[in-house]
Structure formats: structure tokens, C-alpha cells
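**Q** Have a look at this prediction, sequence included:
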Amino acid sequence: MRTSTLIILSLGTLFAFTGCDLDDETDDARLDPDEAVAFRCGGTGCTQSPHVGTFNISNLSEDTTAVTSPDGTTSVQWTGLTKNGLPYAQLRVTDGARCEVSPTTAALGWQSCVGTVIDLSIAQGGQVTTAKMEIQDEMIDSSGALPVYKYRIKANLDPLTGQTSPKFQYDICPAGGEDGTRRVVMLPDVQATWVVTNFDDGLAELIPSTSARFTLACDGYAEAKGYTRGKVLPNTGGARNYGVADYNGFTHAMRALFRKQGTTSEYSALTEHGTPVRLKDLKNDPPLFDELDQTPPIIGFGVYLLESVYNGDVAVQSGRKGATCKKPYVDFPCSGNGEIEYPDGVHRRPEYSPPMTVIPGWSDLPDCDTIHLNAFGAVGVYGWYQGQCLPPE
């Protein structure tokens with residue numbers, strides 16, 4: 001597969017809200033110069049995706065013309081690329097999701113993006129704003145089957161007021177990563193877009209794209225976690241290529257995405273930041289990721305119980321995305337005396353358990369067939385539930 005290449009001549013980008021993953025906490029505090037973009041949620045102001053000033057900048061492109069945002073209000077054009085004060089010609093995101101730049105149009109001498117400054121021209125409502133952002137560092141997580149490249153990018157626009165600063169003071173991502181440094185990952189060959197009919201839902205997905213486009217996803221948030229946690233990529237990466245729909249299934253699993261009762265296109269996210277779950281790849285044998293062998297979060301005897309199976313494919317389960325099946329546990333494996341436990345299912349959040357009686361529409365889901373779980377989607381979500389277990393004999 002080709003790499004994503006950005007040629008700095010007359011170049012554009014596509015804006016798209018990546019929306020409320022609701023798998024992170026809200027923070028409406030005003031920002032200090034070195035603080036992250038605030039997590040904003042409520043109505044159309046709901047996003048924790050990368051921002052340059054007040055502008056969402058999730059998708060980037062090598063297209064030679066400016067591209068309009070999904071809501072039709074914003075377009076952006078790349079006007080310059082420099083590294084260490086010298087002009088550079090190209091930027092690309094490789095099949096392994098690493099950002100590189102080259103000083104020549106012949107694409108020779110590819111180097112790390114660290115130290116690169118990108119000039120932007122942003123048009124909205126007849127007004128044009130110039131902005132800059134700087135790729136300040138690169139962190140490589142080499143654990144697992146796929147190296148994960150994370151970048152810290154800062155911009156010169158205040159994310160609340162939109163005013164220009166003489167310095168790169170503002171992270172384009174809010175806090176949320178494991179190291180708390182507000183890094184971003186770059187997902188090649190996809191772009192983020194709204195896929196629901198109700199704009200206020202604040203949920204977005206990735207869609208396939210050519211190597212001309214890539215998507216910025218903030219570390220610690222649902223859209224990045226397929227890459228950072230599962231070590232898979234949506235549309236590239238060789239053996240770690242998970243496919244766009246299945247990658248969206250991973251994103252839905254982190255959000256606990258559930259289709260609203262009586263609708264075919266509107267979805268709700270039922271999770272929150274820090275809720276412990278374990279994920280397993282149901283698509284591949286052997287699985288590309290399987291967290292069930294990790295130490296459970298609660299000390300004692302118990303078992304991982306399946307919450308649900310998630311997918312991002314409209315062809316699965318009559319067009320249902322998100323949670324696709326329910327799993328009642330009438331005979332809890334660790335009940336000891338065989339008493340009835342969890343007959344109405346389990347959910348990662350106590351206020352939504354048992355889901356069959358609390359979440360409208362959950363009881364209408366088909367039963368999860370544990371023999372053929374992959375028929376319901378690519379990602380299984382499990383929680384650790386501690387019962388009245390006796391040590392194994």
C-alpha cells in the first residue's frame with residue numbers, strides 16, 4: 001500500500017469533528033498558555049479531537065486544493081512546511097503510521113517530522129485566518145507487534161479566543177494519554193467524518209480513503225485506541241491491518257456505542273473515562289489482540305464476562321453498529337453454589353447494569369452465540385466480575 005504523502009505546493013485539508021467519545025472526562029476550565037484544548041461536550045460544541053485554535057483539524061490531505069469540512073463551514077490550505085528554519089517539500093504518513101518529511105519533491109532523504117512547522121490558511125464564513133503548528137517530539141512505543149508513533153503538536157492559536165500567539169503555546173490535543181503529554185497519533189489512508197443523522201450526537205467514525213489522506217487522533221481517546229492499545233491500524237499496516245469497519249468496531253467498543261431505540265442511525269455512548277474493560281479480537285485466529293490473560297483489576301476469584309460484541313459494519317446484524325448482541329449469565333461460572341446471577345446481562349458501568357432492564361432496546365438484541373461470536377462483530381468486550389468463587393481444586 002502506498003504511503004500518505006503531503007506535497008506542500010497548494011495543499012488542502014479536510015476538517016471533521018471526531019466527536020464525543022465519552023470515554024473521557026469533561027473539563028470546561030479555561031486554559032492557561034501550556035494547557036490542552038478543553039474537552040467540550042454539549043450540542044455542536046462536543047469534541048476532543050485535534051484543534052488549531054477554535055478550528056477542528058482531524059483530517060489532513062495531500063490534495064492540491066483546499067477541502068471543505070463536513071458541515072460546509074470551514075476549509076484549510078497548507079501554505080508552507082519548514083524544518084529547523086529551512087523549507088521542506090513533502091510530508092507523509094507511512095503504512096506504519098510514522099510521520100516523515102523530505103526536503104525535496106523527489107521524495108528523497110525522508111526524515112522524522114520532529115521540528116517541522118506547518119503553515120495553514122483557514123477560511124470560514126468569508127474570513128481567512130493564518131495559523132501555524134509545530135511537531136515538537138516523537139515517542140515510539142515498541143512493545144507488541146506494531147510500533148506506535150505518538151507526536152506532540154502545538155499551535156499558535158488560543159483554542160478559546162482564536163487569538164494568535166508569537167509562540168507555540170497550545171497543544172492541539174487535550175490530556176488523556178497514558179503519559180499525560182497530550183500526544184496525537186496519525187492514522188494513514190482514512191478520514192474522520194460524521195456518520196449519524198443527528199449532528200448533536202457528537203459521534204464520528206473513520207471512512208476509507210486513498211493514501212492522499214490521514215487522520216489525527218488524540219492519544220487516550222477512543223479513535224486512537226485501536227492503534228495505541230490493540231496495535232492495529234484501520235486501513236494499512238500489513239499484517240496489522242484491521243480494516244476500517246472493524247477498527248470502528250474497536251472505537252465503538254471503547255465508547256460502549258449503542259443504537260438508540262427506534263432509530264437506525266442515531267447512537268449513544270455509554271462509557272466513561274477510566275472504566276476497566278478487556279478487549280479481544282474475534283476476527284482473526286489467532287487474535288491480533290487478546291487482553292483476557294491480563295491480571296484482573298480486582299484481586300480474588302472471578303471470571304471475565306462478555307458484555308457485548310461490537311462492530312462498525314452496517315451489513316452486520318441488519319445494519320446495527322455498536323453493540324450487536326446480549327449475553328445473559330444465568331449460571332455465573334464462579335457462583336460456587338450455582339445460584340442465579342446476572343440473568344439480565346452485565347455492563348461496564350454500574351448505573352447501566354443490568355443492561356437488559358436499564359438500557360432501552362438492549363433486551364431486543366440477539367443472544368451472543370459464544371461459538372460464533374465473530375458473526376456479531378470483530379471486537380468482544382469483557383469485564384471482570386468477582387463471584388463467590390472457590391479456589392480451583
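**A** Yep, it's here.
**Q** quick one: contacts of stretch 82-98?
**A** For stretch 82-98, contacts defined as Cβ atoms under 8 Å, 6 or more residues apart in numbering pick out 1, 3-8, 80-81, 99-105, 107, 110-113, 115-119, 146-149, 185-188, 214, 227, 233, 236-238. Where you see a C-beta, it was placed from the backbone N, CA and C, and this is true even at glycine.
**Q** Okay, and which of those residues map to strands?
**A** Among these, the ones falling in strands (DSSP state E) are 4-7, 80-81, 99-102, 111-112, 116-119, 148-149, 185-188, 214.
**Q** Where does pLDDT dip in the stretch 201-350 of the chain?
**A** Residues of the stretch 201-350 of the chain that meet the criterion pLDDT under 70 lie in 201-202, 297-301, 335-340.
**Q** those helices in it, which residues are they?
**A** For the stretch 201-350 of the chain, helices defined by DSSP state H, counting those that start in this stretch occupy the ranges 222-228, 244-255.
**Q** closest to residue 275 out of these?
**A** Taking Cβ to Cβ, helix 244-255 is the member of the helices of the stretch 201-350 of the chain nearest to residue 275, at 9.4 Å.
**Q** and the closest one, C-alpha only, in CSV?
**A** Provided in CSV are the C-alpha atoms of helix 244-255 (Å, rounded to 0.1, in the frame of the first residue of the first chain):
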residue,chain,number,x,y,z
VAL,A,244,-11.8,0.3,8.6
ALA,A,245,-15.2,-1.1,9.7
ASP,A,246,-13.5,-3.4,12.2
TYR,A,247,-11.4,-0.6,13.5
ASN,A,248,-14.6,1.4,14.0
GLY,A,249,-15.9,-1.6,15.9
PHE,A,250,-12.9,-1.2,18.3
THR,A,251,-13.8,2.5,18.6
HIS,A,252,-17.4,1.6,19.3
ALA,A,253,-16.3,-0.9,21.9
MET,A,254,-14.3,1.8,23.8
ARG,A,255,-17.4,4.1,23.7
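**Q** about what we covered before: pipe the helices of the stretch 201-350 of the chain into CSV and attach distance to residue 261 and mean neighbour count per row.
**A** Formatted as CSV, the helices of the stretch 201-350 of the chain follow (distance: least, Cβ to Cβ, whole Å; neighbours: other Cβ atoms under 10 Å):
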stretch, distance to residue 261, mean neighbour count
helix 222-228, 22, 27
helix 244-255, 17, 27
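**Q** wait, which of those helices is closest to residue 283?
**A** When the helices of the stretch 201-350 of the chain are compared by Cβ to Cβ, helix 244-255 sits nearest residue 283, at 5.8 Å.
**Q** re the thing from before, mind checking which of the ones in strands among the contacts of stretch 82-98 are buried?
**A** Buried by 16 or more other Cβ atoms under 10 Å: 4-7, 81, 99-102, 112, 116-118, 148-149, 185-188, 214, out of those.
**Q** Please give the centre-to-centre distance between stretch 271-283 and its chain.
**A** Mean C-alpha position of stretch 271-283 versus that of the full chain (Cα atoms, centre = their mean, to the nearest Å) differs by 13 Å.
**Q** Give me the buried positions along it.
**A** Residues of stretch 271-283 classed as buried: 271-272, 277-283 (neighbour count, 16+ other Cβ under 10 Å).
**Q** what's the most distant pair in these?
**A** Between all members of the buried residues of stretch 271-283, the farthest pair (by Cβ to Cβ) comes out as 272 and 283, at 26.6 Å.
**Q** what's the nearest residue to the residue nearest the centre of the chain if we skip its chain neighbours?
**A** In the chain, the residue lying closest to the centroid (Cα atoms, centre = their mean) is residue 223, at 0.4 Å. Excluding the flanking residues, the one nearest residue 223 by Cβ to Cβ, 6 or more residues apart in numbering is residue 217, at 4.3 Å.
**Q** Just grab the bridge partners of the one you found for me.
**A** Note on residue 217: beta-bridge partners residue 185, judged by DSSP bridges.
**Q** For it, which residues are in contact?
**A** Listed by Cβ under 8 Å, 6+ apart, the contact set of residue 217 reads 18, 49-50, 58, 184-187, 192, 223-224, 227.
**Q** now do residue 256
**A** When contacts are counted by Cβ under 8 Å, 6+ apart, residue 256 touches 23, 269-271, 307, 322-323, 347-349, 381.
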